[in-house]
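Chemist: Here's my sequence, what's the structure:
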Amino acid sequence: MMHIKILPRSPEVAERYKTHKSYYPGDCGLDLFCPDTITLAPKKTTDVVLGVKIAAYRVHDKSEIGSSSMRNVGWILAPRSSISKTPLRLANSIGIIDAAYRGDIKVAFDNISDEPYTIQSGDRLVQVISYDGEEISYELVNELDQTERGEKGFGSTGR
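Modeler: Residues are numbered from 1 along each chain as shown. You can find the predicted model right below:
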């Protein structure tokens, strides 16, 4: 199973996750919320910051959570199936989030419509998925562990 630690940017963002859960037993994705209302221009790509930083760990079962045996892992940021009801697409299809990345989770959305599209605060358009598709547990935290990579993302290793 994958266990994630979510560091919210504000108490308002934290509040959304306090009662959040997977919706069905065996769900392999955990939805992420859009924290702000934002209008995306037509035929443009816009970065949307989700208001959280995330560290992911591999655990064999819930009893390992918090122990030194947790192993840091990468994860996938994927669109939810319901995104097909919008004119939005992820600019990079899916996001591969490296194990050591500790920066803001952002999504580059393409608005393929000829009209502006407004994402409402609280909308869930993307999800965290583990590489093996197993169940995900999570907790809210006040800090994340430090890594050599830290907050370097989007092209930080060159072209």
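Chemist: Can you check the pLDDT for Thr157?
Modeler: pLDDT for Thr157: 61.
Chemist: try His60
Modeler: In this model, His60 carries a pLDDT of 85.
Chemist: residues near it, how many?
Modeler: 10 (other Cβ atoms under 10 Å). Just so you know, the C-beta spots here come from the backbone N, C-alpha and C atoms, and that holds for glycine as well.
Chemist: Settle this for me: it is touching Ser67, isn't it.
Modeler: No. Between His60 and Ser67 there is no contact under Cβ atoms under 8 Å: 10.2 Å.
Chemist: Show me which strand runs longest in the chain.
Modeler: The single longest strand within the chain, with elements called by DSSP state E, is strand 45-58.
Chemist: Going by neighbour count, list what's buried in that strand.
Modeler: Thr46, Val48, Leu50, Gly51, Val52, Lys53, Ile54, Ala55, Ala56, Tyr57, Arg58 (16 or more other Cβ atoms under 10 Å).
Chemist: So which other helices or strands are in contact with the helix or strand bottoming out on mean pLDDT in the chain?
Modeler: When the helices and strands of the chain are scored by mean pLDDT, DSSP states H and E, strand 71-72 comes last with a mean of 92. For strand 71-72, the helices and strands in contact under the criterion 3 or more Cβ pairs under 8 Å, 6 or more residues apart in numbering; DSSP states H and E are strand 45-58.
Chemist: can you count the residues close to Gln120?
Modeler: Neighbours of Gln120 using other Cβ under 10 Å come to 9.
Chemist: Quick check: phi and psi on the most far-flung residue of the chain relative to its centre?
Modeler: If you look at how far each residue of the chain sits from its centre, by Cα atoms, centre = their mean, the farthest one is Asp114, at 27.3 Å. Dihedral pair for Asp114: phi -90, psi 0, per degrees, to the nearest 10.
Chemist: now the closest residue to Arg80 other than its chain neighbours, which residues is it bridged with?
Modeler: Excluding the flanking residues, the one nearest Arg80 by Cβ to Cβ, 6 or more residues apart in numbering is Gln127, at 5.4 Å. Beta-bridge pairing for Gln127 (DSSP bridges): Asp31, Ala78.
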